[in-house]
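K.L.:
Fold the following for me, if possible:
(2 chains)
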Amino acid sequence: MTNHYIDLKNSDCILIMGSNAAEHHPIAFKWILRAKEQNGATLIHVDPRFTRTSARCDFHVPLRSGTDIAFLGGMIRYIIENEKYFRDYVVHYTNASFIVSPDFHFKDGLFSGYDAEKRKYNKDTWVFEKDSRGIPKRDMTLNHPRCVFQLLKDHYSRYTLDKVSSITGVTKENLLRVYKAYSATGVPDKAGTECYALGWTHHTTGSQNIRTMSIIQLLLGNMGICGGGVNALRGEPNVQGSTDHAILYNILPGYLKMPAASLDTLEKYLGKNTPKSNDPQSANYYQNYPNFFVSFLKALFDDKGTAENGFGYSWLPKLDDGAAYSLMHLFDKMYDGKVKGLFVVGTDPAVSSPNANKVRKALENLEWMVCENIFDNETHCFWKGPGVDPGKIKTEVFLLPASASMEKEGSQSNSGRWVQWKYKAAEAPGDAAAVGELTIRIMAAIKELYAREGGAYPDPVLNLKWDYIDKNGKYDALKVAKQINGHFLRDTTIGDKTFKRDQMVPSFGMLQSDGSTSGGNWLMSGSFTADGFNNMEKRGKDDPTGLGLFPNWSFCWPVNRRIIYNRASCDLNGKPFNPKRKLLEWTGEKWVGDVPDGPWPPQADKEKGKYPFIMKPDGLGAIFGPGMAEGPFPEHYEPLESPLTVNPMSGQRINPAIEFFNGEMDKVASADEKFPYVCTSYSCTEHWCSGALTRWQAWLLEMQPELYVEIGEKLAIEKGIRNGQRVKVSSARGEVSCIAMVTKRFKPFQVEGKTVHQVGLPFNYGWLFPKDGGDSTNLLTPTIGDANTFCPEYKAFMVNVTRI
Amino acid sequence: MKGTDFVKLIDTTRCTACRGCQVACKQWNEMPGLRTRNRGSYQNPPDLEWNTWTLVRFQEHENGDGVLQWLFRKDGCMHCTDAGCVKVCPSGALFYTEFGTVGIDRTKCIGCKECLFACPFEVPKYDRATDKVFKCDLCYTRLREGLLPACVKSCPTGALTFGAVDTMLKTAYARVEDLKQDGHPDANVYGDKFVGGTHVLYVLGEKPEIYDSLPQKPAVPLTVIAWKDFLKPLSLLAAGGVILGSFLHYIIHGPKSPDENGDRDAT
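P.N.:
Presented below is the predicted three-dimensional model:
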């Protein structure tokens, strides 16, 4: 989240789109209700299905799965045409005024630089014109035909009400209702916020769904303010904590970039990843990238990493250039027999991964698999799954009992970036141990083996610092947390402050690139004070601004800043746009309120002042976003499987930058009469993700006992399906048997003049338990993902539903 | 808290049907979760059961303008001031607590099921295996320790609140006023106008008749009043009162029939 959960109460209009907040963030939802009760906020839910969230919103707008960009593109057009944007904000705080290269163009769904063979873009033309100082040229009137604002206007002029309505299946009345209510926040004293979750990320256009909303928020001046922002509701599976600490293949802790093979020296790597800006008013905070990265290397390799050996850079694994290593790639390679061993820690991919039949088949090719979990699940025992003959499986499987979260000490992160220390509430039963403890023991054994026997390349293993145990030889979470925060490796003076060796680094501004500091994750620097006080333990309930920032409750990254980009809540002179929600104010000497995005004066001070978006090289909000795989402006493409043979917006039916999987089990059936219904998958309040933890819980299972498919009344009549009847749902890849829940909450869409039905199933069930509860919905879903993140397209694919 | 009448307020317009209350109730009262089937609804178990003392009812409703609503109503004992179940209970198992709520002492329950027929809300449920009746006692064990009822404690959105009767009535009526101004003209308070006033109040967004299984004019059955308040004292005075009593029981309830609700699902 750019903001945080409590801040939702400060909003005047909350658009919940791509999220079922009431069902999946039930505790946080109280802040959404409070916004309504205290500010009279309008609550809007845009979702294919009427859910428990819709029930509590002012209105629900159904849209066809996978058409969010069309819907939001129409909103951009509405905002520009009706001049609802916050002009001062757009001119001064975004790149709307920047002049784009004359070589940049967009034609029939493709931006300049497309390579159809590689399905990739050369982004050389997605750049700005620069002046003699190397600073992007701007037209503050926004009239230059090649300025970002005019290009944006052109691009979205194609998203007319008629067109958008025909693609999304949303009536024009409903489109206007949302556009009007939401764009009313484009004034200084109103705030609009957006809550999304997996309903936006689980698409082949997932990242661009979110980008589109970011553009809207920049146009309306809703970024960096109380009650605003673009807010990813994470939570249940600790997505926030795990991404902060690099669970994905393409990032290192703190969102540092995973090195590619061609960047074979530290110098090359830092040169590539350290952005430059010639604009003196741009803080370009990522110019400190070398400080963060070298400190990270020092945290890994300690005194084994020296300036001479690039601090051990060569010991890091490297990605092959241009190759991706997502979950889908992993199982694809495993299916082809190229993966020998697998660790499965706290996850159940045989239920939760797309095209689960392929995943289950792939597991059969493993020589060994080590699983760590608190319960058994469908992945651990794939070897005795439906249709599998255990006698023919050669995989050796180990299941290590893990302790549950209540049975261990450590930190936990929420979506608002608040990191809170927690304590052990109970001892784990039997031999169960914390995953940290298991990791420590396994790696210690590996190090010992390499020390004794050598191996292909022992250096990274042998040089890894690995002393995170307490005096009893047990895993010490506090020691790990301190290593993540970082400490001084020698006596160091920075400015007027001197730190002793072994003192904690009190903020990432103190991290160094000369090897004098270590820090496992720069974002977490400051989670301890220099003297070692654990800020994550803080439980202060004071709220000096009255805005719910609670600065003394836990630690919030970065540097306890509760709302990021917060300098954008003030005008050029540092006075708050909305005096009623004074997040930050420049006194003439300093900022007061939240922890500001840097100490510099506001940007009206041409000498010392800085732009508010300090993490962007140009210092301004990116309406034109050249970093994306499929173009600087989001464009509507159909899902991989959709009911349409052509994309009504262009000649590109699907996202031109997505990577295909072409194995024998990766079947696709788009606009195929055998699979005529749009399908989406989701979770329900009562179960947690794959259900691997909650299906064993009798109280929860009693409420949601088995797999069901929600289908609209009209489709049910057409197919002769009664409520509560058993049906078969099938796709090109598999089928499941489940109970039909006939409901008024799914209504057919009118799409391109045709009636299109949508159905949906939860993905919370698996064959292992309960025995008669149905199998995974992911037997139906395709192996395909977003072009930037490879997040799978769980939310839009095609199926058939038949009576059994 | 002793000596004051307390009320649980259920504001259905704040409920997200997360069912934290349904689980919290089972946890505190140590009631098992039984194997159910999906019958085409989120509502599960389908009705209040001996092991399910509170249940969120899910109801799809299209209003006069064709606007779809999904109505959620947490159902359970209403804790009547003039409680039919207490009136008919021959063993003293059902009783009024010092909080004005209706408690149940199952050690005294003789499984006669009189209360099942006397309750205008069809709340008490009989379990054949133990030959006992079960229902919500508004967490009497918690109230006596100064704790909130488990369901109220678990509610994330403020749909469930608990307090002294006067305060809760004021809160309920103020909320209804807010709702009326916010486009819910039919919002109303349910519970204070019958059976002497219930100790569970609803704020309803729609008229009571819209809601499934919610009686519009709940009352203790006349036969129960006639028997317990009038005929029973009279009959005891008369010789042969027992015979008359049996005869009246037959007139009121008919012959004892096999249980319909007492079967436990196989676990």
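
K.L.:
Tell me the bridge partners for the nearest residue to B:Y140 once chain neighbours are set aside.
P.N.:
The shortest distance from B:Y140 to any residue other than its chain neighbours is 4.7 Å, reached at B:G103 (C-beta to C-beta, 6 or more residues apart in numbering or on different chains). Using the backbone N, CA and C atoms, a C-beta is placed for each residue, glycine as well. With beta bridges defined as DSSP bridges, B:G103 has these partners: B:F95.

K.L.:
So B:G103 versus chain A, what's the distance?
P.N.:
When distances are taken as C-beta to the nearest C-beta, to the nearest Å, B:G103 and chain A turn out to be 24 Å apart.

K.L.:
show me the contacts for that residue.
P.N.:
Taking C-beta atoms under 8 Å, 6 or more residues apart in numbering or on different chains as the contact definition, B:G103 lies against B:L94, B:F95, B:Y96, B:T97, B:D137, B:Y140.

K.L.:
Kindly report the same for A:G337.
P.N.:
With the criterion set at C-beta under 8 Å, 6+ apart, A:G337 makes contact with A:N365.

K.L.:
Just give me the longest helix of the chain.
P.N.:
Went with chain A since none was named. What stands out as the longest helix in chain A, according to DSSP state H, is helix A:435-453.

K.L.:
that's the other chain; I wanted chain B
P.N.:
Of all segments of type helix in chain B, defined using DSSP H, the longest is helix B:165-181.

K.L.:
Go through it and flag the buried ones.
P.N.:
Neighbour-count burial for helix B:165-181, counted by 16 or more other C-beta atoms under 10 Å in any protein chain shown, picks out B:V165, B:M168, B:L169, B:T171, B:A172, B:R175, B:V176, B:L179.

K.L.:
Any figure for the gap between the nearest residue to the last one once chain neighbours are set aside and B:C15?
P.N.:
Using C-beta to C-beta, 6+ apart and skipping the chain neighbours, the partner closest in space to B:L179 is B:A187 (3.7 Å). With distances defined as C-beta to C-beta, to the nearest Å, the gap from B:A187 to B:C15 amounts to 14 Å.

K.L.:
Of the two, which one has the most company?
P.N.:
Here B:A187 and B:C15 are compared on neighbour count by other C-beta atoms under 10 Å in any protein chain shown; more neighbours surround B:C15, at 26 against 21.

K.L.:
Tell me the helices and strands packed up against the helix or strand harbouring A:E718.
P.N.:
Using DSSP states H and E, A:E718 sits in helix A:713-719. The criterion is 3 or more C-beta pairs under 8 Å, 6 or more residues apart in numbering or on different chains; DSSP states H and E, and the helices and strands that helix A:713-719 contacts are strand A:735-743, strand A:797-803.

K.L.:
what helices or strands is the shortest one leaning on?
P.N.:
What it means is strand A:797-803. Helices and strands in packing contact with strand A:797-803 are listed as strand A:677-682, helix A:713-719, strand A:726-730; criterion 3+ C-beta pairs under 8 Å, 6+ apart.

K.L.:
switch to 6 Å and redo it
P.N.:
Other helices and strands packing on strand A:797-803, by 3 or more C-beta pairs under 6 Å, 6 or more residues apart in numbering or on different chains; DSSP states H and E, are strand A:677-682, strand A:726-730.

K.L.:
How many neighbouring residues does A:I440 have?
P.N.:
When neighbours are counted by other C-beta under 10 Å, A:I440 comes out with 21.

K.L.:
List the contacts of it.
P.N.:
Residues counted as contacts of A:I440 (C-beta atoms under 6 Å, 6 or more residues apart in numbering or on different chains) are A:Y475.

K.L.:
In chain A, what helix or strand scores lowest on average pLDDT?
P.N.:
In chain A, no helix or strand scores lower on mean pLDDT, DSSP states H and E than helix A:239-244, which sits at a mean of 89.

K.L.:
Mind checking what helix or strand follows that helix in sequence?
P.N.:
Heading towards the C-terminus - elements assigned by DSSP H and E - helix A:239-244 is followed by strand A:251-252.

K.L.:
Whichever helix or strand comes after that next one: partners in the sheet, and parallel or antiparallel?
P.N.:
Read in the C-terminal direction, the helix or strand following strand A:251-252 is strand A:256-257, with elements assigned using DSSP H and E. Pairing partners of strand A:256-257, with direction, according to DSSP bridges: strand A:251-252 (antiparallel).

K.L.:
Residue of the stretch 51-200 of chain B nearest chain A, please.
P.N.:
Nearest to chain A in the stretch 51-200 of chain B, going by C-beta to the nearest C-beta, is B:W70, at a distance of 4.1 Å.

K.L.:
and A:Q420, which of the three is it?
P.N.:
strand (DSSP: H, G, I helix; E, B strand; the rest coil).

K.L.:
Who are the contact partners of it?
P.N.:
The contact partners of A:Q420, taken as C-beta under 6 Å, 6+ apart, are A:Q412, A:M536, A:S554.

K.L.:
Mind doing that once more with 10 Å?
P.N.:
Contacts for A:Q420 were tallied using C-beta atoms under 10 Å, 6 or more residues apart in numbering or on different chains; they are A:S411, A:Q412, A:S413, A:N414, A:M536, A:E537, A:K538, A:R539, A:W553, A:S554, A:F555, A:C556.

K.L.:
number of nearby residues for the fourth one?
P.N.:
If I follow you right, that is A:N414. A:N414 is surrounded by 20 other residues when neighbours are defined as other C-beta under 10 Å.

K.L.:
looking at it, it is touching A:Q240, isn't it?
P.N.:
Yes: the pair A:N414 and A:Q240 passes the contact test of C-beta atoms under 10 Å, sitting 6.4 Å apart.

K.L.:
Mutual contacts of these two, please.
P.N.:
Among the neighbours of A:N414, those also in contact with A:Q240 (C-beta under 10 Å, 6+ apart) are A:M1, A:L233, A:R234.
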